[in-house]
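> just need the structure, nothing else, for what follows:
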Amino acid sequence: MKNYDIIIVGAGASGVFLSYELTKRDNKAKVLMIDKGAPLEKRQCPIKKGAKSCLKCTPCHIMNGYGGAGTLSDGKYNITTQFGGDLHNYVGTQEALELMEYVDDVLCSMGGADAKLYSTASSELKTTALRNNLHLLQAKVRHLGTDRNVKILGRVFDYCSSKVDTMFYTTIQDVVKKDDGTFEITTDGGEVMSCKDLVLATGRSGSKWISSICDKMGIGQKRNRVDIGVRVELPAEVFKHITDDVYESKIVYKTDKYNDLVRTFCMNPYGEVVAENTNGIVTVNGHSYADPALRTENTNFALLVSNKFTEPFKDSNEYGESIARLSNMLGGGVLLQRFGDLIKGRRSSTRRMEKCFTRPTLQATPGDLSLVIPKRQLDNIIEMIYALDKIAPGTANEDTLLYGVEVKFYNSKVEVDENLETKVRGMYALGDGSGVTHSLSQASASGVHVGRLLAEKYK
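Residues are numbered from 1 along each chain as shown. Below is the predicted model of the structure:
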């Protein structure tokens, strides 16, 4: 049996920055990082190699492997406490912001310094939005691009490789807390290891696993939210005056009809729409690149409606999964519909798509989103599109494309203290897997926070 001081389960943003901080700071800890996905150099989605649709790889290269779901994303780091998680509720607002600024410094030192840092603080867009009953959230945004992001993560991995052991293509089957206070870990390959401190950093794709471990250990969790919506794709010129100014615009709107909140999310200027596989369910997302040669003629972003549930219903993620399954059932994966067809109450067909001026960047099945997305959420999305059309004329064009569905699963919020430690001494839960964070910046910052604590412990 191999013995370690610290085992990190998950090589996503929080695990990566935890390993970085342990490598940088003086300590004697013997560290192992485990991930069910592939090493960085082997993370290749089959769609990029010519596959016409998601092949449901196990594990999904988009979601799993070194760097986690953030690796093949567009590398967007939002420095803010207004969205992206609740890390500030645990460590304090100022500390959370300082941790995110530190993450930004590390990224710049590893090759991200040329990436522009945007800010919405003094943007005229905020005034224009308010005049149209839209609310722009404040943030600083560092956009690395998928291509630059992968290179930076490669440098971080190389930096940590002398200090941190790694195991890929490995899942944890069982965790046992021993009488001496150590943890015994059993992998799917039957290998048994022990550690003094166990860090759960599994990200969104490990939500069910981390819930099962918490249930076994008697650690409290809260389940009550899932965001459901579509990914919008339109000509980049429509949002150019916004994306050139602030790049990532988090705009929130309260609908007149239902008084629900709808928001823009993950804006990708000159980007592409992509499919991703979460626990066997195909949903939609978006990427963009730093290299001008890789850019497209379109901009895409998500429109999401927040859904919070009360007793007796508790499994909000299952609700989101059931809606995504409908899309997979009807379209064999992702469904695509023109906004004009949705408004006119007709499905988008192959013939109608051939006449569409907006060329889709993801090959998806033309269909009818009204057969998939519940009426309340769909009404909210339509109302939001008309609201955005006031500040970005052309958003409500007939040829605006809607991909469905996009679902943001929020992991059950694990009960942790200000150190992100559970009631089980030596067991930490951080990053998106803990439900504490929902963004690259905050997940990375949580890894730095715990890394400093553990480095001091093993100094």
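> quick check: the gap between Y270 and E321.
Distance from Y270 to E321, counting by Cβ to Cβ, to the nearest Å: 31 Å. Heads up, the C-betas are built off the backbone N, CA and C, glycines and all.
> break down the stretch 351-459 of the chain into its helices, ranges please.
Ranges of helices within the stretch 351-459 of the chain are 375-388, 440-457, based on DSSP state H, counting those that start in this stretch.
> what mean pLDDT would you report for the shortest one?
With pLDDT averaged residue by residue, helix 375-388 scores 97.
> and for that helix, what's in contact with it?
For helix 375-388, the surrounding residues in contact (Cβ atoms under 8 Å, 6 or more residues apart in numbering) are 132-134, 228-230, 232, 251, 253, 255-258, 260, 262, 264, 303, 305, 307, 339, 342-343, 369-370, 373, 395-396, 400, 402.
> repeat that with 6 Å
Defining contact as Cβ atoms under 6 Å, 6 or more residues apart in numbering, one finds that helix 375-388 is touched by 228, 230, 253, 255, 257-258, 260, 262, 303, 305, 395-396.
> narrow the residues you listed to those in helices?
Among the contacts of helix 375-388, no member is found in helices (DSSP state H).
> of those residues, buried ones?
In these, burial by neighbour count holds for 228, 230, 253, 255, 260, 262, 303, 305, 395-396, counting by 16 or more other Cβ atoms under 10 Å.
> and those as a markdown table, adding pLDDT?
Supplementary listing: these in a markdown table, determined by pLDDT from 0 to 100:
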| residue | pLDDT |
| --- | --- |
| I228 | 93 |
| V230 | 97 |
| Y253 | 97 |
| T255 | 96 |
| D260 | 95 |
| V262 | 97 |
| L303 | 98 |
| V305 | 95 |
| T395 | 98 |
| A396 | 98 |
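> from S207, how far off is N279?
Distance of N279 to S207, computed by Cβ to Cβ: 8 Å.
> give me the more crowded residue out of these two.
When N279 and S207 are compared on other Cβ atoms under 10 Å, the one with more neighbours turns out to be S207, at 22 against 18.
> now do the more buried one against T283, distance only.
For S207, the distance to T283 equals 14 Å [Cβ to Cβ].
> next one: Y169
23 Å.
> show me which of the two is the more surrounded one.
Set Y169 next to T283 and count neighbours by other Cβ under 10 Å: T283 wins out with 26 against 16.
> contact partners of the one helix or strand that one maps to?
Counting by DSSP states H and E, the element that carries T283 is strand 281-287. Surrounding strand 281-287, the residues in contact under the criterion Cβ under 6 Å, 6+ apart are 54, 74, 146, 231, 266, 268, 271-276, 300, 321, 324, 328, 333-334, 403, 406-407.
> in its sheet, what does it sit against?
strand 272-278 (antiparallel) (DSSP bridges).
> buried sites along the partner strand?
By neighbour count with 16+ other Cβ under 10 Å, strand 272-278 contains the buried residues 272-278.
> least trustworthy helix or strand in the chain by mean pLDDT?
strand 221-222 (a mean of 86; mean pLDDT, DSSP states H and E).
> tell me the strands beside that strand, with direction?
In the sheet, strand 221-222 lines up with strand 413-414 (antiparallel) (DSSP bridges).
> any idea how far the strand it pairs with is from the chain center?
Strand 413-414 sits 17 Å away from the centroid of its parent chain (Cα atoms, centre = their mean, to the nearest Å).
> and I34, what are its bridge partners?
The partner residues for I34, given DSSP bridges, come to V9, M167.
> quick one: pLDDT of it?
Turning to I34, the model gives it a pLDDT of 97.
> cool, the one 5 residues further on as well?
Here the pLDDT value assigned to P39 is 94.
> pretty sure it sits against T170.
No: taking Cβ atoms under 6 Å as the definition, P39 is not a contact partner of T170, at 11.6 Å.
> for the stretch 1-150 of the chain, what are the low-confidence residue spans?
Within the stretch 1-150 of the chain, the stretches with pLDDT under 70 are 48, 50, 52, 122.
> at 80 instead, please
Filtered on pLDDT under 80, the stretch 1-150 of the chain yields the residue ranges 47-56, 72-73, 121-123.
> what segments of it are helices?
Ranges of helices in the stretch 1-150 of the chain, per DSSP H, counting those that start in this stretch, are 13-24, 88-91, 93-107, 124-131, 146-160.
> deepest-packed of those helices, please.
The highest average neighbour count among the helices of the stretch 1-150 of the chain, using mean count of other Cβ atoms under 10 Å, belongs to helix 13-24 at a mean of 27.
> tilt between that helix and helix 440-457?
40 degrees (axes from the mean of the first three to the mean of the last three Cα atoms, to 10 degrees).
> for helix 13-24, packing partners?
The criterion is 3 or more Cβ pairs under 6 Å, 6 or more residues apart in numbering; DSSP states H and E, and the helices and strands that helix 13-24 contacts are strand 31-34, helix 146-160, helix 440-457.
> any chance of these in a markdown table, with distance to V16 too?
Formatted as a markdown table, the helices and strands packed on helix 13-24 follow (distance: least, Cβ to Cβ, whole Å):
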| stretch | distance to V16 |
| --- | --- |
| strand 31-34 | 8 |
| helix 146-160 | 6 |
| helix 440-457 | 7 |
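> can you name the residues in contact with stretch 218-230?
The contact list for stretch 218-230, computed with Cβ under 6 Å, 6+ apart, reads 214, 302-309, 314, 316-317, 319-320, 323, 377, 381, 402, 404, 406-408, 410, 412-415, 422.
> before we move on, what about stretch 14-22?
Contacts of stretch 14-22 (Cβ under 6 Å, 6+ apart): 8, 31, 33, 156, 160, 164, 201, 430-431, 443-444, 446-448, 450-452, 455.
> can you give me how far it is from the chain middle?
From the chain centre to the centre of stretch 14-22 is a distance of 18 Å (Cα atoms, centre = their mean).
> what's the answer for stretch 45-59, then?
The chain centroid and the centroid of stretch 45-59 are separated by 19 Å under Cα atoms, centre = their mean.
> what is the end-to-end distance of that stretch?
Length of stretch 45-59, first residue to last, Cα to Cα, to the nearest Å: 11 Å.
> for that stretch, buried residues please.
Neighbour-count burial for stretch 45-59, counted by 16+ other Cβ under 10 Å, picks out 45, 47, 53-54, 57, 59.
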